[in-house]
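Participant: With the sequence up front, the predicted model follows.
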Amino acid sequence: MTSKHRIEIVEVGPRDGLQSEPGVLPTATKVEFINRVIAGGARRVEVTSFVNPKKVPQMADAEEVLKALPRREGVHYIGLVLNRKGLDRAVAAGCNEIGMAVVASNTFNQRNQGVTTEESIAAWLDIAAAAQQAGVVPQVTISAAFGCPFEGEVPMERVVEIARRVAEAHPFEIALADTIGVGVPAQVTELVSRVREAVPGIALRCHFHNTRNTGLANAFAAVQAGVRTLDASLGGIGGCPFAPAATGNIPTEELVYMLERSCYHTGVALDAAIETGKWLQEQLGRPVPGMLVKAGGFPKPAAQAA
Ligand code: ZN
């Protein structure tokens, strides 16, 4: 057996996953969700977002969620913020990591954040400095890096240029996100290599949606291109607002299954993830998109022990 490479999984189910849920979940359910994924091995969890509650009612209880979470050594509670006001709320609520999003296409950035990509980059530079001053780890995601629902193809040069600009704030990490799930592995390989070349020394993370069933293939391409951190959501929840019937993020349990059986180590327990997937189905009142929640892992834990 060769020594295993470590791949870190950032659990985004409680934020990216739940955000598009039509019904607002009780705060206690969200808190249990977060506690379950941490008990199952997750160390970085996107727990909520600090955005306008009128626009995203599901995240209106951001402060209450944080208040209910015990501080845990080595665990990062990530709050998504889109502006300075969001950052101030996240810091006050006790997030120890914040994520900001800059959308690669201007139209999408305008629709999502009400400002231009250029203005979001400026906001990020300010947010990153303020976060560092507050002792909070800042990272940034370049959204729609693989395609835009309004503008279509996003030129790689544009993503690379945005990466250069956001890197000026010395982020802990830059993420490339396939927000609408249009990317394919060859694109991942090329974009990761070009961005890495543009921002040497900054860790890259990837964020994939499974809208067109290429999510896991993209994740594996990212790993083979040297990416060591991936976002995923339990059960694969988190549909895309621009593809109403679509599945969500790549499912955490499927990513764990694929990586662990490919000689990578994730630190996430597969059985616990599948159990939480089943629990999540009960909370949502319908099946989750993830297939391992139905099929289970392999080999069965009992057979493994025997
Ligand atoms: Zn997403």
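Facilitator: Yes, it's here.

Participant: Just list the residues touching the closest residue to G277 other than its chain neighbours, thanks.
Facilitator: Residue nearest to G277 in three dimensions, not counting chain neighbours: V293, with 3.8 Å by C-beta to C-beta, 6 or more residues apart in numbering. Where you see a C-beta, it was placed from the backbone N, CA and C, and this is true even at glycine. By C-beta atoms under 8 Å, 6 or more residues apart in numbering, the residues touching V293 are G235, P251, E253, I274, G277, K278, Q281, P287.

Participant: Any stretches of this structure with poor pLDDT?
Facilitator: 1-3, 241-245, 301-306 (pLDDT under 70).

Participant: wait, isn't W279 in contact with R36?
Facilitator: Yes. With contact defined as C-beta atoms under 8 Å, W279 counts as touching R36 (6.9 Å).

Participant: Any idea how many residues pack against R6?
Facilitator: Other residues within reach of R6, judged by other C-beta atoms under 10 Å, total 12.

Participant: Please shift the residue numbers so they start at 574 in all later answers.
Facilitator: Sure, I'll start counting at 574 from here, so that last one is R579.

Participant: give me every residue that touches the residue nearest to it when sequence neighbours are not counted.
Facilitator: Excluding the flanking residues, the one nearest R579 by C-beta to C-beta, 6+ apart is H838, at 5.2 Å. Residues counted as contacts of H838 (C-beta under 8 Å, 6+ apart) are K577, H578, R579, I580, L832.

Participant: Reformat those into a markdown table and put secondary structure and distance to A842 next to each item.
Facilitator: Putting these into a markdown table (DSSP: H, G, I helix; E, B strand; the rest coil; distance: C-beta to C-beta, whole Å) gives the following:
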| residue | secondary structure | distance to A842 |
| --- | --- | --- |
| K577 | coil | 15 |
| H578 | strand | 18 |
| R579 | strand | 15 |
| I580 | coil | 15 |
| L832 | helix | 13 |
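
Participant: out of these, which one sits closest to K627?
Facilitator: For the contacts of H838, the minimum distance to K627 (C-beta to C-beta) is 37.6 Å, reached by I580.

Participant: Could you report the neighbour count for the closest one?
Facilitator: When neighbours are counted by other C-beta under 10 Å, I580 registers 22.

Participant: show me the contacts for it.
Facilitator: So I580 contacts V796, R801, T802, L803, L832, Y837, H838, T839 (C-beta under 8 Å, 6+ apart).

Participant: just G811 next, same as before
Facilitator: Here G811 is in contact with V585, G586, D589, G590, L591, Q592, S593, H782, G821, N822 (criterion: C-beta under 8 Å, 6+ apart).

Participant: Just the ones in helices from those residues, please.
Facilitator: Among these, the ones falling in helices (DSSP state H) are L591, Q592.

Participant: Which of the contacts of G811 sits closest to E619?
Facilitator: V585 (4.3 Å).

Participant: What is the neighbour count of the closest one?
Facilitator: V585, neighbours per other C-beta under 10 Å, totals 29.

Participant: Helices of the stretch 574-723 of the chain, start to end?
Facilitator: Along the stretch 574-723 of the chain, counting by DSSP state H, counting those that start in this stretch, helices occupy 591-592, 600-612, 635-641, 657-666, 679-686, 690-706.

Participant: Tell me which of those helices sits most buried.
Facilitator: Among those, helix 591-592 has the highest mean neighbour count (mean count of other C-beta atoms under 10 Å), at a mean of 24.
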